[in-house]
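In: 3D, please:
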Amino acid sequence: MIQLGKLAEIVSGSNIVRLSESQQDRKYTMKDFEHDFYTMKLADPKNAIIYQQSSSMPHVSAAILSDANKEKVISQIFAIIRIDVSRLDPWYLCYLLNQSQKIAQQCSRCLQGSVIARLSAQQMKHVEIPLPDMNMQKKMGKLYATALYQHYLEVMQANRKLDGILSVLRDIDEQKRG
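Out: Numbers count the residues shown, from 1 in each chain. Below you'll find the predicted structure:
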């Protein structure tokens with residue numbers, strides 16, 4: 001086990017109240033985060049990892065920033081994690097932050113007694129992660145990112161089918177009325 005802070009630089013986002021109007025227009029949103037989460041398989045592994053500091057969705061707290069979102073302004077609900085990719089695979093780290101019960105327990109202990117459940121960048125640096133050899137990290141990370149992306153594609157396909165059926169039903173309903 002090694003502390004995440006020994007492998008990464010972690011910086012909290014900006015207070016959105018202090019952002020200029022042009023920065024507000026380039027603000028990273030929860031929709032951006034959800035997109036980056038499910039499509040992180042396509043992201044450049046050199047891009048930073050975005051971490052949701054106060055997660056409202058269990059098992060969804062870290063993703064690799066997409067090229068489309070990497071220049072956006074990050075609010076204080078997120079932190080940016082820049083890792084040493086020669087020692088830590090980014091998809092493996094996302095897998096750990098999103099799925100590891102041991103890491104979830106460490107984070108939960110940090111939040112005990114907090115009124116607002118928010119894990120600061122400083123607290124994240126002390127989270128201990130397992131560090132298998134790079135080959136194993138890459139296998140696990142690739143499998144995780146691929147599974148998320150396949151799930152995303154299946155959901156998108158199911159939504160298109162549902163939209164098609166609903167469109168047909170609306171047409172039938174309009175014909176009955178007309």
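
In: buried stuff in the helix or strand of the chain with the lowest mean pLDDT?
Out: Lowest on mean pLDDT, DSSP states H and E among the helices and strands of the chain sits helix 21-25, with a mean of 78. Going by neighbour count (16 or more other CB atoms under 10 Å), nothing in helix 21-25 comes out as buried. In short, each C-beta sits where N, CA and C put it, glycine included.

In: after it comes which helix or strand?
Out: Sequence-wise, the next helix or strand downstream of helix 21-25 (DSSP states H and E) is helix 30-38.

In: need the residues that contact the least confident helix or strand of the chain.
Out: By CB atoms under 8 Å, 6 or more residues apart in numbering, the surrounding residues in contact with helix 21-25 are 14, 16, 73.

In: can I have that helix written out in PDB, keeping just the CAs?
Out: The C-alpha trace of helix 21-25 is given here as PDB (Å, rounded to 0.1, in the frame of the first residue of the first chain):
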ATOM      1  CA  GLU A  21     -18.400  35.400 -16.500                       C
ATOM      2  CA  SER A  22     -16.200  33.800 -19.200                       C
ATOM      3  CA  GLN A  23     -15.000  31.200 -16.700                       C
ATOM      4  CA  GLN A  24     -18.600  30.500 -15.800                       C
ATOM      5  CA  ASP A  25     -19.300  29.700 -19.500                       C
END
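
In: between the longest helix seen in the chain and helix 30-38, how many degrees?
Out: If each helix of the chain is counted by residues according to DSSP state H, the longest one is helix 134-177. Interaxial angle, helix 134-177 versus helix 30-38 (axes from the mean of the first three to the mean of the last three CA atoms, to 10 degrees): 120 degrees.

In: helix 134-177: how far from the chain's middle?
Out: The chain centre lies 19 Å from the centre of helix 134-177; the measure is CA atoms, centre = their mean, to the nearest Å.

In: that helix - contacts with which helices or strands?
Out: Helices and strands touching helix 134-177, by 3 or more CB pairs under 8 Å, 6 or more residues apart in numbering; DSSP states H and E, are helix 30-38, helix 90-99.

In: hey, which of the ones you listed is tucked in deepest?
Out: helix 90-99 (a mean of 23; mean count of other CB atoms under 10 Å).

In: show me what that helix is packed against.
Out: Judged by 3+ CB pairs under 8 Å, 6+ apart, the packing partners of helix 90-99 are strand 49-52, strand 62-64, strand 78-83, helix 134-177.
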